[in-house]
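> Okay, here's the prediction I keep looking at, along with the sequence it came from:
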Amino acid sequence: MVRVQGSPLLSLLLVGLTLAIFAVDAFTPLDVAIAVMYVVVVLLSASVWRRRGVILTSAVCLGLTVLAYAFSHAAMFSGPASGRMVVSLAAIGIVAYLALRWQAATNALIAREEALHRSQSQLAHVTRVTMLGELAASIAHEVNQPLAAITTNGGASLRWLNRAEPDLDEARAAIGSVLEEAGRASEVIRRIRALARRSDPRHLPLSLNEVAQEAARLVRRELASHHVSLNLDLAPDLPQVCGDRVQLQQVLINLLMNAMQAMQHCAPGEALLLLQTRIHEQGGVVCSVADTGPGIPPEHLPKLFDAFFSTKEEGMGMGLPICRSIIETHGGRIWAGMPPRGAMLCFSLPVTEECSA
């Protein structure tokens, strides 16, 4: 049962039900324990109000039970009626106690789930920051390229302006190139800051192809330094998915880096990496990362996504479990394929029409 705090409709329903039970119990000659129905009010109150509200509701129900007995049997004592009243009071008290215990256990479970979610988010953030450290050379290259172009175009614009007859058109073109490259550098820095920032996930409509291209740009320099060739095979007209861009980039970068490390012993020219997107036959979108490394031993497949399991000597075994957590949070699933050569890791995401941030 989920507590819906502050629901006016349910509150009015509880008040109306309480008054109806009291009216029937106090002003009708029925020889049944009508007051036992107050247990329904107590149970419903546990789903609407906090602990204090449940205690107050239980006290009101107990008081109304006694008051209804006083109204209907004030002139003459009735043993059976007194027995029914005692049974009703006992039932209300027992149900109130159980409802409070249930409410406390539910609140404790919700608190644990929230703490677990925060811990997972913090761990994912730490992993992203660690991953950025491993990509330092690629990031520096991504930033240095537009900076070098800015320097070149800035010098060219000065030369055009310093001529005996300044060529303003050429200077304008060079300055336009400076602004374009500055925007490119700013975009690279924005992507890096987004990966490094610690923030709550925002699920918005996005193109998985764009996410794949951005992740590939960030790791391409690192792959080149390890003599790994990356090919993109992105399906055209891929439907949008609802997801968090930063988290999905983290998944893709992690899969690409894992594949790169798995091919460290490949001969020159044989380390090939394929990043592919396609529409799933059963609906949704599938993204896969395939390499030409030694592959995954069959005995490792069942525990590949278990926490702290790693085939690398210095691995922590947290990358793939975090990837699984992210993909499952997005309503998808992740699995390992068995290609004829190497390894393949795939994940699927549902295609949704509406997103909530």
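Yep, that arrived.
> what's the domain layout of the protein?
Under the assignment automatic domain parsing, the domains of the chain span 8-116, 136-196, 204-349.
> Next, the buried residues of stretch 73-89.
84-85, 88-89 (16 or more other CB atoms under 10 Å). For the C-beta atoms, the positions are set from N, CA and C on the backbone; glycine is no exception.
> So which of those are in helices?
84-85, 88-89 (DSSP state H).
> circling back to that earlier point, of the buried residues of stretch 73-89, closest to P340?
S88 (73.6 Å; CB to CB).
> Could I get the contacting residues of that closest one?
Listed by CB atoms under 8 Å, 6 or more residues apart in numbering, the contact partners of S88 are 33-36, 38, 65.
> If we use 10 Å, what do you get?
S88 makes contacts with 25, 33-39, 61-62, 65-66, 68-69, as judged by CB atoms under 10 Å, 6 or more residues apart in numbering.
> Not counting residues beside it along the chain, what's closest to it?
With CB to CB, 6 or more residues apart in numbering as the criterion, S88 has its nearest non-adjacent residue at 3.5 Å, and that residue is A35.
> and the buried residues of stretch 73-89, which two are the farthest apart?
Spatial extent of the buried residues of stretch 73-89 (CB to CB) is set by the pair R84 and L89 at 9.8 Å.
> follow-up on the earlier one: what count of nearby residues applies to the residue nearest to S88?
By the measure other CB atoms under 10 Å, the count of residues near A35 is 26.
> For it, report the pLDDT, please.
Looking at A35, its pLDDT is 86.
> Am I right that it is in contact with V95?
No. In this structure, A35 is not within contact of V95 by CB atoms under 10 Å, at 11.9 Å.
> quick one: the strands in the chain?
Here the chain has its strands, by DSSP state E, at 204-206, 229-234, 241-243, 272-279, 285-291, 333-337, 344-349.
> Reformat those strands as TSV; add mean neighbour count.
Output for these, formatted as TSV (neighbours: other CB atoms under 10 Å):
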stretch	mean neighbour count
strand 204-206	15
strand 229-234	14
strand 241-243	24
strand 272-279	18
strand 285-291	23
strand 333-337	16
strand 344-349	22
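> re the thing from before, quick one: which of the contacts of S88 is nearest to T106?
V39 (18.3 Å).
> In contact with G154: list those residues for me.
Counting by CB under 10 Å, 6+ apart, G154 makes contact with 174-175, 177-178, 181.
> residue boundaries of the helices in the stretch 101-250 of the chain?
For the stretch 101-250 of the chain, the helices defined by DSSP state H, counting those that start in this stretch occupy 136-161, 168-196, 208-225, 245-262.
> Run through the neighbouring helices and strands of the longest one.
Right, the one you point to is helix 168-196. Using 3 or more CB pairs under 10 Å, 6 or more residues apart in numbering; DSSP states H and E as the contact test, the elements touching helix 168-196 are helix 79-134, helix 136-161, helix 208-225, helix 245-262.
> which stretch in those helices has the least confidence?
The minimum mean pLDDT among these belongs to helix 136-161 (a mean of 76).
> okay, the angle between that one and helix 168-196?
Orientation check (axes from the mean of the first three to the mean of the last three CA atoms, to 10 degrees): helix 136-161 against helix 168-196 gives 160 degrees.
> and helix 136-161, how far from the chain's centre?
Relative to its chain's centre, helix 136-161 lies at 38 Å (CA atoms, centre = their mean, to the nearest Å).
> separation between the closest residue to L10 other than its chain neighbours and L349?
Leaving out its chain neighbours, the residue that sits closest to L10 by CB to CB, 6+ apart is V48, at 4.9 Å. The gap separating V48 from L349 is 37 Å, by CB to CB, to the nearest Å.
> and if you look at E165?
59 Å.
> Provide a list of residues in contact with the residue nearest to S88.
21-22, 24-26, 61-62, 64-66, 68-69, 84-85, 87-89, 91-92.
> rewinding a little: out of the strands of the chain, which gets nearest to W102?
strand 333-337 (33.1 Å).
> could you dump that closest one to CSV, C-alpha only?
The C-alpha atoms that make up strand 333-337 are tabulated as CSV, following Å, rounded to 0.1, in the frame of the first residue of the first chain:
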residue,chain,number,x,y,z
ARG,A,333,18.1,-4.7,-20.8
ILE,A,334,21.8,-5.5,-21.5
TRP,A,335,23.3,-8.8,-22.5
ALA,A,336,26.4,-10.4,-24.0
GLY,A,337,26.2,-11.9,-27.5
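> Many thanks, we can stop here.
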